[in-house]
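> Output the structure for:
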Amino acid sequence: MTAAAGGLTPVVIRLKLSLLRNGLRQSSSRTAVWVTSLVIVVLLSAGVLLGLAVLRAVDDAVAPVVLVVLLLALGWTVMPLFFPSGDETLDTTRLAMLPLRPRPLTGALLVASLVGLGPLFSLCLLVGAAIATAHGAVAVVVAVFAVVVTLLTCVGLARAVAAANTRLLTSRRGRDLAVLSGLLIAVGIQLVNFWVQRIGQSSSGLSSLDPTASVVRWIPPASALGAVASASEGAYGRMAGQLALALALLAAVLVVWQRTMVRLMTSPDSSTIAAAAPKRRGRRGGGTSLLPEGRTGTVMLRTLRYAVRDPKTKTAWVSALVVGLIVPVFNAVQGASTVYFGCFAAGVLGTQMFNQFGQDTSAFWMVAMTIASKRDAYLELRARALALLLVTLPYSLVVSFLMAALTHDWRALPEVVGLSWALLGALVALGATASALLPYSIPQETRKNVAPGQTSLAMWSVLGGLVASPLLASPILGLTIWLHVAGHTGATWLVLPVGAVYGAVVAWLGVRAASRPLLDRLPEILTAVSKG
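Here you go, the predicted model:
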């Protein structure tokens, strides 16, 4: 068995290198990107190693070290879900027809996984963490062992998660996760940045992390680096317990990974069985049954399904939902915001009304075939606006409520909601008009959100709406300012009903006004959204 594993490992490593080499041969741009990534990773790895090594002179170095190692392990765990195409050897179903034993294959794939930019960066980070916490000969020996165990655990976690989700990662949902990866990484960076700022503002410095680190140092695989610190302190019993936890996790990961591979490579693919199963027909079920009948309900359902199933539309929606929440909330937590920042969510979400037909791409011809009169055009736009409002109205209310709670300004909650809904109505009106007059294509086969040659059109469409929407909502803004200046603060609750009615009227007028150009420009819209 050992010989078989030893003979299989070089083959798998050569296979991975061949896949990398052949991938770079596909285009010079891909080669340039890979070389650039290599340089960046090497420089970043060196910086991380030196930065952590500097912590050796700090008394509380173990706290940030174990937290960083835990974040590294979490990153390796979720990485396959968002970058399924980064390593083609992650899909073990391609090896199902080969006469390979599970145990040698597991060992070979584990060793081959150590080849790459990610393992290089992780190794440098772990070496820097070991340097920061190892003091004494015993601690150095434990540090070498801890680095190996932690690195193997991180790589094994990635492999186990990839094997358990192979069916997902090779499906449409897996591609959706890949599209959303950039957004989630950006949110994660914001969370880390917020965490670092909180540490910098704390008078106690790194010692403020001690309560958290005292728990994290027992969570594997961070417990391996915690064992290094324990060895430096002479607490050998605690060191043994922490190393045992790290080894137990590594063994569990390898066992789960191996069993998942066996099940994956020996069980039939049920996707064709599910596809051949009889489908139920009839009325819409669940929450969709609450939608109105006729064209309005059909268009609303189609729009909502685009938001759930289409990768580009889903990315736009999730981006707006996340940014509309974290920006005002993070500013409020840092004490740099007011309750009126709750209107930010309505402003971000309202931009989803722009370019409504771009998500249809060339399939817009089917929509165009159903529009034969101004009323058909009005019903089409109205239904799309209602689908947008079905999500944005309660969401803006929730964000406004959170801002009132974080700023302790409950008195201003009604006027913030009124301003948000007035702004949202203005954006719906402007978005409906822009969708008819300034449509552009959203390519589905690339990561670009605008077809070549339409970038300026898309930019001016959205920027124009963001500038014009506050002007269109200025009557409600003026009413709010007047109530405060005139000293009628007790009557500011009127902004809520007045703003809601004003936003509804403005949205209705905008949709009606956009129905005529939509009817007249159906061929031009089809041409515009079919590019790319």
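> so what's Ser530 closest to, chain neighbours aside?
Nearest residue to Ser530, sequence neighbours excluded (Cβ to Cβ, 6 or more residues apart in numbering): Ser362, at 4.2 Å. C-beta coordinates here come from the backbone N, C-alpha and C atoms, glycine included.
> actually Tyr502, not the one I typed
Nearest to Tyr502 is Ala422, by Cβ to Cβ, 6+ apart, at 5.1 Å.
> My guess is the one you found contacts Val501. True?
No: the pair Ala422 and Val501 does not pass the contact test of Cβ atoms under 8 Å, sitting 9.1 Å apart.
> Among these two, which residue is more densely surrounded?
A direct count of neighbours by other Cβ atoms under 10 Å for Ala422 and Val501 places Ala422 higher, at 34 against 15.
> and the gap between that one and Met403?
According to Cβ to Cβ, to the nearest Å, Ala422 and Met403 sit 17 Å apart.
> do the same with Cys124
41 Å.
> who has more neighbours, these two?
Each of Cys124 and Met403 has its neighbours counted (other Cβ under 10 Å); Met403 has more, 26 against 20.
> who's in contact with that one?
Counting by Cβ atoms under 8 Å, 6 or more residues apart in numbering, Met403 touches Pro328, Val329, Ala332, Ser337, Thr338, Val339, Phe341, Gly342, Val416.
> Could you look up the SS state of it?
Local secondary structure at Met403 is given as helix here, using DSSP: H, G, I helix; E, B strand; the rest coil.
> Using the three-state scheme, assign the closest residue in space to it that isn't next to it in sequence.
Closest residue to Met403 apart from its sequence neighbours, by Cβ to Cβ, 6+ apart: Gly342 at 3.9 Å. Classification of Gly342 by three-state DSSP places it in helix.
> Which pLDDT value goes with Gly342?
You'll see Gly342 listed with a pLDDT of 84.
> Equivalent analysis for the one 4 residues further on, please.
According to the model's per-residue confidence, Ala346 sits at a pLDDT of 89.
> got the phi/psi numbers for it?
phi -60, psi -40 (degrees, to the nearest 10).
> The nearest residue to it once chain neighbours are set aside is in what secondary structure piece?
Nearest non-adjacent residue to Ala346, counting by Cβ to Cβ, 6+ apart: Ser420, 3.9 Å away. Using DSSP states H and E, the element containing Ser420 is helix 413-437.
> before we move on, what about Lys531?
With DSSP H and E as criterion, Lys531 is part of no helix or strand.
> mind checking how far it is from Thr455?
Lys531 is 12 Å from Thr455, by Cβ to Cβ.
> who's more crowded, those two?
The neighbour count for Lys531 versus Thr455, taken as other Cβ under 10 Å, is higher for Lys531 (17 against 13).
> mind checking pLDDT for that one?
For Lys531, pLDDT reads 79.
> didn't it look like it was pressed against Gln454?
Yes: contact status for Lys531 versus Gln454: in contact at 6.7 Å, counting by Cβ under 8 Å.
> Between those two, which contacts overlap?
Counting by Cβ under 8 Å, 6+ apart, the residues touching both Lys531 and Gln454 are Tyr440, Ser441.
> Under the pLDDT cut-off, which ranges of the stretch 1-150 of the chain? List them.
Along the stretch 1-150 of the chain, segments meeting pLDDT under 70 span 1-6, 26-27, 29-30, 81-96.
> And stretch 426-443, what's buried?
By 16 or more other Cβ atoms under 10 Å, the buried positions in stretch 426-443 come out as 426-436, 438-443.
> In PDB, list the C-alpha atoms belonging to it.
C-alpha atoms of stretch 426-443 as PDB (Å, rounded to 0.1, in the frame of the first residue of the first chain):
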ATOM      1  CA  ALA A 426     -38.000  58.500  -7.500                       C
ATOM      2  CA  LEU A 427     -35.400  55.800  -8.500                       C
ATOM      3  CA  VAL A 428     -38.200  53.500  -9.700                       C
ATOM      4  CA  ALA A 429     -39.500  56.300 -11.900                       C
ATOM      5  CA  LEU A 430     -36.100  57.200 -13.300                       C
ATOM      6  CA  GLY A 431     -35.100  53.500 -13.700                       C
ATOM      7  CA  ALA A 432     -38.200  52.700 -15.700                       C
ATOM      8  CA  THR A 433     -37.500  55.600 -18.100                       C
ATOM      9  CA  ALA A 434     -33.800  54.700 -18.300                       C
ATOM     10  CA  SER A 435     -34.600  51.100 -19.100                       C
ATOM     11  CA  ALA A 436     -36.700  52.200 -22.100                       C
ATOM     12  CA  LEU A 437     -34.300  54.900 -23.300                       C
ATOM     13  CA  LEU A 438     -30.900  53.700 -22.300                       C
ATOM     14  CA  PRO A 439     -30.800  49.900 -22.400                       C
ATOM     15  CA  TYR A 440     -27.500  48.000 -22.500                       C
ATOM     16  CA  SER A 441     -26.400  44.400 -22.700                       C
ATOM     17  CA  ILE A 442     -25.200  42.200 -19.800                       C
ATOM     18  CA  PRO A 443     -22.900  39.500 -21.200                       C
END
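> Quick one: mean pLDDT for that stretch?
90.
> packing partners for the helix or strand where Arg263 lies?
Assessed by DSSP H and E, Arg263 sits inside helix 236-266. Judged by 3 or more Cβ pairs under 8 Å, 6 or more residues apart in numbering; DSSP states H and E, helix 236-266 is in contact with helix 102-112, helix 137-164, helix 222-232.
> quick one: which of these is nearest Val11?
helix 102-112 (7.3 Å; Cβ to Cβ).
> buried residues in the closest one?
Pro104, Leu105, Thr106, Gly107, Ala108, Leu109, Leu110, Val111, Ala112.
> Return the member of those residues nearest to Ser37.
Nearest member of the buried residues of helix 102-112 to Ser37, counting by Cβ to Cβ, is Ala112, at 19.4 Å.
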